[in-house]
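Enquirer: Make a model of this:
(chains A, B and C)
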Amino acid sequence: MAIAEGLGVEKIVVTYGGVRAVDGVSIDFRAGAVTGLIGPNGAGKTSLLNVIAGALRGAGGTVRLFGEDVSRLSSDARGRRGILRTFQTARTFERLSVVDNLIVAQPEQRGDRLLTALLRPRSWTAQERAARARALELLDLFGMTSHAEVRADQLSGGQRKIVDYLRALMANPKVLLLDEPSVGLAPGVLERLSQDLERMKGAGVCIVLVEHEMEFIRKSCDHVVAMANGSVVTQGSFETVAANDDVRAAYLGRR
Amino acid sequence: MSYYLATIVIYFGVYGLGALALNLQIGLSGIANFGFIIFESAGAYAAAITSIGPASNGHALSETYFWGINLPFPLPLLAGALAGGLLALIMGPVTMRKMRRDYQAATMLAISIIATQVISNDIHIFNGNAGLAAVPSPLSGHLNVSTATYDWIYAGYAMVLTAIGYVICKRISMSPFGRSLRALRDDDDAAASIGKYAWAMKMKVFVAGGAIAGLAGALLVQYIGAWSPAAWQYAETFVLLQCVILGGIANDKGALLGAFVVGVFLAEAPSFLPAIGYPGLINNLQWILIGVVYIIVLWFRPQGLIPERGSLRLAVNPAFDALTGGSDRPRRLRRRSATSRPGVASTADATAPGSAAVATTGPAVGPR
Amino acid sequence: MQLLASGIGFGIVSGAVLALGAMGFSLQFGMTNVLNLAYGSLMSMGALVALLLNENGVSIWVAALLAAVAVALTSLLIGSTIYRAFARRGARLFTMAILSVAVSLIVDFGMGAITRSNVYQFSFPQGAIHAFLGMTFTTTQLIIVASAAVIVALLEGMLHYTKLGVAIRATAANTALARASGIRTSLVVTVTWLTSGALCGLGGVALALSYLTVSFQTGTTFLPYILAAVIVAGIGAVGYAALSALILALAIQISGAFGAAEYNVVIAVGVLLVMLMVRPQGFFGELWEKVQVTA
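Expert: Reported below is the predicted structural model:
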């Protein structure tokens, strides 16, 4: 069932102690679409996300990006291949300014090498300006340009979430793994995020959205996958999944 | 008196180079190198054994392994830098792995303590506890000057080396590579997620810092003429660390300031005081003071005197452009900042007092 | 064969000394999560206090007890003032490590100032020589080994079979949960500082009695071995720290008997590095996931 276009995971297994947090899950995530991943706590959603990102080594299964097997790649190698992610608790580079938090994610900077920085200090200034301009544009999407020079440890939780998200965008993602991006966001900001996901979708990015906020899922997702106890319960449009009895049972706790 | 002054300048240079290198490792990149002094020591030994000359001093190593070579200036200095870098290259693959930072610190400290023990106990390498003596001063044979004049020439030479070290470290830290290092230091998982390969980056900095440390060691040994385990006890790392912390973590100017305050005043100036109490009391008191200063600085001002810069702020920092020879001419700079981001520098200054040398201090919010 | 026997003999004695130090360190490290690099300095304190008391006529048993008390109280003082203050402020683990070095400098060179940086030659009667399976031990050495064994057993017994021990292990594993279940965690932490300090002090006394050359720096130069033993065993594995201390000491002394005697100490570093590469949580580490500081 693996499509060469987009992200595919096959038979992913994750074990913690003796428990199978992810039990042989296979899903195809289409490029240019938002796929929601829902399920109660402990369903294995974040573990699956971490395996795709390369942050967690599964006990089995493969991850494919546009047909290429990336299962053996480290998380930084996957980052360079275009698999970008946000974190459940937003992570920022605390002692860098907001704008530098983004610029650092710009791929292929000439100045990002020791010898170039040392021996050819003028060679990277043009790229830096371009990256900075781009970072400010991204900040502008969420009205945060005025915070560009603020040190990241001064930000509120919601602002950190946005910086976390924008940093992923800055790195030119082909795949965007979003781990509960709505948590802590004011409704207006959530709306802007929704619009931005549309924009990224249009650009052909494959978006995986792990969420608990159902309205956000309904509005943003083209396809929804419901998980429980480490397996996929069902998948389809939001309406289909929401109406499914097993999904309801999983959420309400009935076996 | 003139001798004292020249010596203090030289020590400022040595501490300055050490602090700059340690700042690169700990301050910028989060490499918990509590064993830093062994890199300076490697440089000192390398410079010594490549310049000591034939065996009349009875130095086992220089006789057996190096045929008593006496390399001309500046080769022993370069040998020192090479030794420091090489040591880092060897240790890096094991010590630069991902681990708890305090574990890394403890491990590096343990290596430093054990290294002193091993070198002290083995006569065959570097003459054990007695160490090496009669290390010649560079070009002393060729320059026919008085000792006092030579000392001042050496002081000038030390300042040149320190300036070079400063430029090197500044170019590294005020670059995208430096920013990536700081990101890695602040959150290595997030840095990995955007494609930063931690181990390679840390290795580069570890080796670069090791080379500069080796240079500092070579500079010192060629002045004082002798080197033994007593000169590089594990605690010396923490004088340098204090230069970094007090001066300002991840700030090169701060490292130099710290080297001046701690290196000159705390560490060296007291040796010129008249002896009080029994011999060695002042030395013990100095160390106690260093410990106390640590606690005070970490409690009241952990960011140090000159704090870390928030942004690279390429376009708005004329000092930065001057130093790196930024590609834009001043005219283009002014026009750009006037129309697009007025006052953008000030918000960072609010959170990091004293960090910026920027003239614009307007309101934080301007037209976008 | 004789070499092996003497290596084992020395290994057992130095293993006993190392075990005491390692257990104290592991106990405190497991509880507070602070890598207390001042521990070596406290060990020197134990050694010097016992030595100076004994040289002035106090019986070694009393001197050892007083040394243990002195170090226990100092350990508590440092832990409950300096470390706790910084921990309350949310200091990160690395900052605590730097802090512990600062404390170590103050304690070390404070003792240096008091003792005038003297290197003391302890002249403690070693007693008769006993031969045993090709190994030779003096009476003093046998007493040290026996005492260490008893202390290890008592500590393990306390940790696993008494209410206090359960409280200690619970607090070490999850302080908030322990507090919520009614354990008086601040008291437990106090007891931990005192106990680990006492073990440290006794380790220092044993060190003085075995090595006989003592200065204010003796303990800190012993620190790498303690670190190696503790990290191999793992955080929170107090009993195993004693075991790994013994094994490490045997490895060092046996290799020293056979090979280059100056380089056998490098084994400690080698062990440390290999452990951190292969299994940083140690063989029996139970508390690897902890990121908070409990002080």
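Enquirer: residues touching residue B:30, list them.
Expert: Listed by CB atoms under 8 Å, 6 or more residues apart in numbering or on different chains, the contact partners of residue B:30 are B:101, B:184-186, C:94. For the C-beta atoms, the positions are set from N, CA and C on the backbone; glycine is no exception.
Enquirer: Check what pLDDT it gets.
Expert: pLDDT for residue B:30: 95.
Enquirer: For it, give me phi and psi.
Expert: The phi and psi values for residue B:30, taken as degrees, to the nearest 10, are phi 70, psi 30.
Enquirer: which residues of chain C fall in strands?
Expert: Remark: strands assigned in chain C by DSSP state E are C:120-121, C:129-132, C:135-138, C:213-214.
Enquirer: Indicate whether the first one makes contact with chain B.
Expert: Right, the one you point to is strand C:120-121. No: Strand C:120-121 stays clear of chain B (CB under 8 Å from any CB of the partner chain), getting no nearer than 15.3 Å.
Enquirer: quick one: strands adjacent to that strand?
Expert: Sheet pairing of strand C:120-121 (DSSP bridges) gives strand C:213-214 (antiparallel).
Enquirer: Off-centre distance for the strand it pairs with?
Expert: Relative to its chain's centre, strand C:213-214 lies at 17 Å (CA atoms, centre = their mean, to the nearest Å).
Enquirer: With stretch C:211-223 instead?
Expert: On CA atoms, centre = their mean, the centre of stretch C:211-223 falls 13 Å from the chain's centre.
Enquirer: And that stretch, what's buried?
Expert: By neighbour count on 16 or more other CB atoms under 10 Å in any protein chain shown, the buried set for stretch C:211-223 is C:214-223.
Enquirer: what do you get for stretch C:70-86?
Expert: C:70-72, C:74-76, C:78-79, C:82-84, C:86.
Enquirer: With distance to residue C:3 and pLDDT as extra columns, can I get those in a markdown table?
Expert: Output for the buried residues of stretch C:70-86, formatted as a markdown table (distance: CB to CB, whole Å; pLDDT from 0 to 100):
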| residue | distance to residue C:3 | pLDDT |
| --- | --- | --- |
| C:70 | 39 | 97 |
| C:71 | 36 | 97 |
| C:72 | 39 | 97 |
| C:74 | 41 | 97 |
| C:75 | 39 | 97 |
| C:76 | 44 | 97 |
| C:78 | 42 | 96 |
| C:79 | 43 | 95 |
| C:82 | 46 | 95 |
| C:83 | 44 | 95 |
| C:84 | 49 | 94 |
| C:86 | 48 | 95 |
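Enquirer: In a markdown table, list these along with distance to chain B.
Expert: As requested, the buried residues of stretch C:70-86 are arranged in a markdown table below (distance: CB to the nearest CB, whole Å):
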| residue | distance to chain B |
| --- | --- |
| C:70 | 19 |
| C:71 | 18 |
| C:72 | 21 |
| C:74 | 15 |
| C:75 | 17 |
| C:76 | 18 |
| C:78 | 11 |
| C:79 | 14 |
| C:82 | 7 |
| C:83 | 11 |
| C:84 | 13 |
| C:86 | 7 |
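Enquirer: Go through those and say which is closest to residue B:307.
Expert: Residue B:307 has its nearest neighbour among the buried residues of stretch C:70-86 in residue C:86, at 19.4 Å by CB to CB.
Enquirer: What residue, apart from its backbone neighbours, is nearest the closest one spatially?
Expert: Closest residue in space to residue C:86, ignoring its immediate chain neighbours: residue C:99 at 5.9 Å, by CB to CB, 6 or more residues apart in numbering or on different chains.
Enquirer: what's around residue 130, how many residues?
Expert: This is for chain A. By other CB atoms under 10 Å in any protein chain shown, 13 other residues sit near residue A:130.
Enquirer: sorry, should have said chain B
Expert: The burial count for residue B:130: 15, using other CB under 10 Å.
Enquirer: ditto for residue B:75
Expert: 16.
Enquirer: quick one: pLDDT of it?
Expert: For residue B:75, the pLDDT comes out at 87.
Enquirer: Quickly note the distance from it to chain C.
Expert: 30 Å (CB to the nearest CB, to the nearest Å).
Enquirer: Who are the contact partners of that residue?
Expert: Taking CB under 8 Å, 6+ apart as the test, what residue B:75 contacts is B:50-51.
Enquirer: and the gap between it and residue C:86?
Expert: 47 Å (CB to CB, to the nearest Å).
Enquirer: Likewise for residue C:271?
Expert: For residue C:271, the distance to residue C:86 - CB to CB - is 30 Å.
Enquirer: which residues of the stretch 101-250 of chain B fall in helices?
Expert: Using DSSP state H, counting those that start in this stretch, the helices of the stretch 101-250 of chain B run over B:101-121, B:147-173, B:176-186, B:188-193, B:198-224, B:236-247.
Enquirer: Nearest to residue B:284 among these would be which one?
Expert: In terms of CB to CB, the element of those nearest to residue B:284 is helix B:236-247, at 14.2 Å.
Enquirer: Cool, thanks, signing off.
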